[in-house]
Each structure stands twice: as C-alpha cells, then as structure tokens.
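**Q** got a predicted structure here, sequence first:
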Amino acid sequence: MLLGALACGGDGPTVPVSRTARQPIVLVHGLGGSAADWSPVLARLRADGWIDRELAAATYNSNHSNTSHAAQLASRIDSVLAATGWAKVDLVTYSMGSLSSRYYLKNLGGVAKVDAWVSIAGPNHGTQTATQCVQLPACAEAVPGSTFLTALNAGDETPGDVRYATWWSPCDGTIVPPESTILSEALNTETACLSHTEMFTEPIYQQVKAFIAP
C-alpha cells in the first residue's frame, strides 16, 4: 500500500515526506494484464535497489477505455510522488499500457510529472489485431486510424521535457505491423525476434534500467 504524506497532529500542517533514494517507477500493463504479471520485473528492480515505496503496478481493466485508465494513472502517480518525495516518476509500459500513459502525458499534464517513459511492444500507431476485439473500448481505440489514435499522434508524438524510448520486435505477432511501436524523436530499439509475450528478457530489462536510471 502506498503511503501519503504524514500529517502532524489532527488538522495541523503536513510534514513533507523525505525523498527516497531512487526515483519511483510506475509500471503500466496492457490489455487484460494483471499487476501480478509484473512480479518478475518488480523482483528484479528490488534486487537492483528499488524499495516497495518506489514501485507501483496495477491491473488493466479491459472494459475501460484508455482515457479512463489515464485518469486512474494520474491518481496513482500523484500517490507515488506523495509517498516518495519525488517530483517525477519513470513510466514503464507494456503493450496497450503505452496508449493510456501517452494520453496521460499529452492531455492530463503528465509531462510535468514524468522523467522517462518506456514503451515495450506498444501499439502506438495501432495494430490490426485490435480489429478482433473492437467490442472492448481500448481495442477500438487501438485500431489503426481510430479517432483516439489520430488525436494522440497529432502534432508532437513525444511532447514535453520527457525522455522517450520504445522497444519493438519484428516477430511480435500481436502488434501488426510491429513498427507501430516506433515514435518520432524517441529512442527506438529493435529487439531480437521475440514474440509479444517474450519481450521483457533480461537484456531488455538491462537496457530499460539503463535508460530510466542512467
């Protein structure tokens, strides 16, 4: 459970939280993904020095739109910042999580609260496989050429003073075409031939860690 700022006696002044040693990381999953799916990555981050208060992950409700998830993400990030004393977080996203987090950055003031943003196998320009699940709001938004994507990608694809990076596989199979993940002005890395669910290998973890915590 994330802890907010500590209050000093009833209605007295709020005592600022001392900043933790490491900038917090918020993990954003994709369609149907559970917070528990991040467990291997969270374990690696803890082994590398991050503490629980500096890490947050949540389940992706497939019945909600990316705009709804973006609003929930905004609240989660505010809680993490309050608990750690930092002004910004690093965002690591997987698959559909890239769309809700980019909406947060572009439309909900997230650029002021995010240092680095990472997209692992994200459908940043849509994916043809989303046409198979358009009954779900997020899937409908991920269809190439959707109103949601057109607005999200209009103008600057990487707004604000945020460091952007993507990792994409030519053998993804879920993101079609796989180059959909690539964003203008981001650090875009083509991986080995990996399927969509194989994308967080140890080498990619090390690359992502080096990017968010140089």
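**A** Everything's here; your move.
**Q** which residue is nearest the middle of this structure?
**A** Thr93 (3.0 Å; Cα atoms, centre = their mean).
**Q** can you pull the pLDDT of that residue?
**A** pLDDT, Thr93: 96.
**Q** just checking: what are the partner strands of the host helix or strand of it?
**A** Taking DSSP states H and E as the definition, one finds Thr93 inside strand 89-94. According to DSSP bridges, strand 89-94 forms sheet pairs with strand 25-28 (parallel), strand 114-120 (parallel).
**Q** which secondary structure state is assigned to Thr189?
**A** Under DSSP: H, G, I helix; E, B strand; the rest coil, Thr189 falls in the strand class.
**Q** for it, give its distance to Pro40.
**A** According to Cβ to Cβ, to the nearest Å, Thr189 stands 20 Å off from Pro40. All C-beta atoms are positioned from the backbone trio N, CA, C, and that covers glycine.
**Q** more neighbours, these two?
**A** Thr189 (16 against 11; other Cβ atoms under 10 Å).
**Q** could you say which helix or strand holds the closest residue to the more buried one other than its chain neighbours?
**A** Excluding the flanking residues, the one nearest Thr189 by Cβ to Cβ, 6 or more residues apart in numbering is Trp167, at 4.9 Å. Secondary structure assigned from DSSP H and E places Trp167 in strand 163-168.
**Q** how about the nearest residue to Arg163, chain neighbours excluded?
**A** Excluding the flanking residues, the one nearest Arg163 by Cβ to Cβ, 6+ apart is Ala116, at 4.4 Å.
**Q** can I get the strands paired with strand 89-94 in TSV with mean neighbour count and mean pLDDT?
**A** Shown next, in TSV, are the strands paired with strand 89-94 (neighbours: other Cβ atoms under 10 Å; pLDDT from 0 to 100):
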stretch	mean neighbour count	mean pLDDT
strand 25-28	25	96
strand 114-120	24	98
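**Q** can you add distance to Leu99 and give those strands back as CSV?
**A** Below are the strands paired with strand 89-94 laid out as CSV (distance: least, Cβ to Cβ, whole Å):
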stretch, distance to Leu99
strand 25-28, 10
strand 114-120, 9
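**Q** could you point out which of these sits nearest Gln72?
**A** strand 25-28 (10.0 Å; Cβ to Cβ).
**Q** using PDB, write out the CA atom coordinates for that closest one.
**A** Output of strand 25-28 as PDB, limited to C-alpha atoms (Å, rounded to 0.1, in the frame of the first residue of the first chain):
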ATOM      1  CA  ILE A  25       8.900   3.600 -11.200                       C
ATOM      2  CA  VAL A  26       5.200   3.100 -12.200                       C
ATOM      3  CA  LEU A  27       4.500   0.000 -14.300                       C
ATOM      4  CA  VAL A  28       1.600   0.200 -16.700                       C
END
